[in-house]
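Novice: With the sequence up front, the predicted model follows.
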Amino acid sequence: MENVEAAKGTVVSVSGEVVVVDSKGVERVLQSGEQVNPGDMVIVPANSQAEIDLGKAEPETVPADTTAILEVDPTTGEISLVFHSVNAETLDVADIQAAILAGQDPTQILEETAAGNTPPTSSGFSEFQAVDRTAEEVLARAGYDTNPENWEREPYVDDEGELFVLPSEYSVADVSVSEGGLMTFTVTRTGGTSEETIDFSTGIDAIDNAEANDFTSTAGTLTFATGETSKTFTVQTTQDDVLEGKESFSVNLSNPSGNGQIVDGTATGIIIDDGTGSGPDPDNDTPVISIADASMEEGSTLTFNATLTGSSAIAYDVDLALSESNPASATAGTDYTNAMTVTVVGGTNDGDTLTLNGSTVTVPADATGLTIAVDTTDDAVYEGDETFSIS
């Protein structure tokens with residue numbers, strides 16, 4: 001009982017005329033700063049209000065047209081207010097006092113709140129009071145028939161949107177091959193995943209130097225299966241015996257299906273015939289040079305005749321080098337000058353002297369041969385036959 005006797009509330013503020021009736025039926029006007037004891041009934045008429053500190057975070061407010069009885073939990077000593085609504089016009093404090101003096105529960109003469117509590121039990125706390133109200137009174141109107149018997153389930157519609165996929169982007173890469181070889185071009189797709197198509201074709205553009213008979217022209221359509229990212233097609237090149245240098249033609253992509261986009265739709269096919277192409281035995285149409293032996297008395301100009309075998313449509317380079325040979329080797333600078341004079345034989349440049357760039361000369365396309373002259377040195381020493389080589 002110590003908890004019950006020690007538990008009290010303190011009046012924080014009062015507005016209007018608020019009275020309190022204690023457990024003995026004694027009435028007094030409630031003032032700020034007063035204490036409210038267990039069993040006291042605070043009566044708040046219209047246009048009035050009281051705030052009572054129960055030792056919690058915030059004071060408890062007793063609003064207008066309300067009564068509140070201070071109750072104490074006998075076990076924990078926790079205090080609380082039990083609220084009842086009242087009618088300010090019919091409320092008679094004398095009736096409450098009379099009920100208390102007669103040993104009755106004064107809350108029995110008050111109207112229960114819509115969600116209020118029952119009068120205090122023997123434990124000091126009231127029990128929850130069930131509200132006797134119909135659904136018609138307390139439920140909001142829905143504005144439509146809420147009877148489940150009249151419901152009809154709407155048919156299920158799968159309206160899930162398609163997963164966004166970036167459009168396909170196409171590109172094709174350059175290819176080079178030794179003349180006569182088969183070119184394989186690769187078209188790459190990024191982005192799209194569904195089945196799609198794109199066209200391809202070969203041609204000779206303004207920047208190309210190949211001719212129609214240098215490769216087999218082709219065109220077609222590539223079909224990319226779902227998830228496929230690359231496709232290939234081939235172009236056959238034509239073998240011949242004429243040195244033509246690197247020849248080029250073009251490959252072009254067009255007409256991607258769907259929303260496909262071409263990001264790099266032109267590739268170059270390069271045909272190589274000078275022996276620098278790929279593979280173990282690349283085609284080499286460069287004319288072959290053959291140099292015949294020559295002899296001359298010491299102190300004279302030694303002239304070598306070179307024959308060019310093969311045809312060329314372009315000028316090409318030939319490397320020439322002088323070297324000492326054994327046995328009985330001549331010595332460069334002593335027995336012969338380490339220099340050459342190269343002259344064209346045949347063709348439109350017949351008789352022209354070619355300029356040496358180091359040991360390299362550029363031979364005209366239609367030349368059929370060369371003469372290579374080397375000066376020898378006369379001395380007074382018998383040395384017998386001396387030799388050197390040109391290659």
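Specialist: The structure has been received and is ready for your questions. Model, not experiment: these values are computed from the prediction. Numbering: from 1, shown residues only.
Novice: domains in the chain, as residue ranges please.
Specialist: Following automatic domain parsing, the chain resolves into domains at 2-135, 169-272, 288-390.
Novice: quick one: T223 and D199 touch, right?
Specialist: No: using CB atoms under 8 Å, T223 makes no contact with D199, being 10.7 Å away. C-beta: built from backbone N, CA, C; applies to glycine.
Novice: higher neighbour count, those two?
Specialist: Between T223 and D199, D199 has the larger neighbour count (other CB atoms under 10 Å), namely 14 against 11.
Novice: Need the pLDDT of the residue nearest to V345 when sequence neighbours are not counted.
Specialist: Nearest residue to V345, sequence neighbours excluded (CB to CB, 6 or more residues apart in numbering): G369, at 3.7 Å. Per-residue pLDDT puts G369 at 89.
Novice: Provide a list of residues in contact with G369.
Specialist: Neighbour list for G369: 305-308, 345-346 [criterion: CB atoms under 8 Å, 6 or more residues apart in numbering].
Novice: Put the buried members of those into a ChimeraX selection.
Specialist: Provided next is the ChimeraX selection string for whichever of the contacts of G369 are buried by 16 or more other CB atoms under 10 Å:
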select :306,308,345
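Novice: For D205, state which of the contacts of G369 is nearest.
Specialist: L308 (33.3 Å; CB to CB).
Novice: mind checking which of the domains of the chain is nearest E154?
Specialist: Of all these, it is domain 2-135 that lies closest to E154, at 26.6 Å by CB to CB.
Novice: What is the burial count for I314?
Specialist: For I314, the count of nearby residues is 12 (other CB under 10 Å).
Novice: Mind telling me what element it is part of?
Specialist: Assessed by DSSP states H and E, I314 sits outside every helix and strand.
Novice: I'd like to know how far the residue lying closest to it once chain neighbours are set aside sits from G279.
Specialist: Using CB to CB, 6+ apart and skipping the chain neighbours, the partner closest in space to I314 is G245 (4.9 Å). Distance, G245 to G279, using CB to CB, to the nearest Å: 18 Å.
Novice: Out of those two, name the residue with the larger neighbour count.
Specialist: Between G245 and G279, counted using other CB under 10 Å, the more crowded position is G245 (16 against 9).
Novice: which ones are touching that one?
Specialist: G245 makes contact with 273-274, 313-314 under the criterion CB under 8 Å, 6+ apart.
Novice: quick one: contacts for L253?
Specialist: Counting by CB under 8 Å, 6+ apart, L253 touches 170, 172, 187, 198-200, 262, 265-266.
Novice: In strands, which of these fall?
Specialist: The members of those that map onto strands under DSSP state E are 170, 172, 187, 198-200, 262, 266.
Novice: need the residues you listed in JSON lines with distance to D40 and pLDDT, can you?
Specialist: What follows is the ones in strands among the contacts of L253, written out as JSON lines (distance: CB to CB, whole Å; pLDDT from 0 to 100):
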{"residue": "Y170", "distance to D40": "90", "pLDDT": "96"}
{"residue": "V172", "distance to D40": "96", "pLDDT": "96"}
{"residue": "V187", "distance to D40": "94", "pLDDT": "97"}
{"residue": "I198", "distance to D40": "92", "pLDDT": "96"}
{"residue": "D199", "distance to D40": "97", "pLDDT": "97"}
{"residue": "F200", "distance to D40": "99", "pLDDT": "97"}
{"residue": "I262", "distance to D40": "91", "pLDDT": "95"}
{"residue": "T266", "distance to D40": "99", "pLDDT": "96"}
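Novice: from these, which would you call buried?
Specialist: In those, the ones that pass as buried (16+ other CB under 10 Å) are 170, 172, 187, 198, 200, 262.
Novice: out of those residues, who's nearest D319?
Specialist: Of all those, D319 sits closest to V172, with 38.0 Å by CB to CB.
Novice: Excluding chain neighbours, give the residue nearest to that closest one in space.
Specialist: Ranked by CB to CB, 6+ apart and with sequence neighbours excluded, the top spatial neighbour of V172 is A267, at 4.3 Å.
Novice: quick one: secondary structure of N209?
Specialist: Following DSSP: H, G, I helix; E, B strand; the rest coil, N209 is assigned to coil.
Novice: That should have said E17, apologies.
Specialist: When classified by three-state DSSP, E17 comes out as coil.
Novice: how deep is the nearest residue to it once chain neighbours are set aside tucked in, by neighbour count?
Specialist: In this structure, E17 finds its nearest non-sequential neighbour in S48, 6.0 Å apart by CB to CB, 6+ apart. Other residues within reach of S48, judged by other CB under 10 Å, total 20.
Novice: what's the answer for L222, then?
Specialist: The burial count assigned to L222 is 19, neighbours taken as other CB under 10 Å.
Novice: quick one: low-confidence parts of the stretch 251-391 of the chain?
Specialist: Where the stretch 251-391 of the chain drops to pLDDT under 70, the residues are 325-328, 380, 383-384.
Novice: hmm, back to that, the residue nearest to V172 reaches T184, doesn't it?
Specialist: No: applying CB under 8 Å, one finds A267 not in contact with T184, separated by 11.5 Å.
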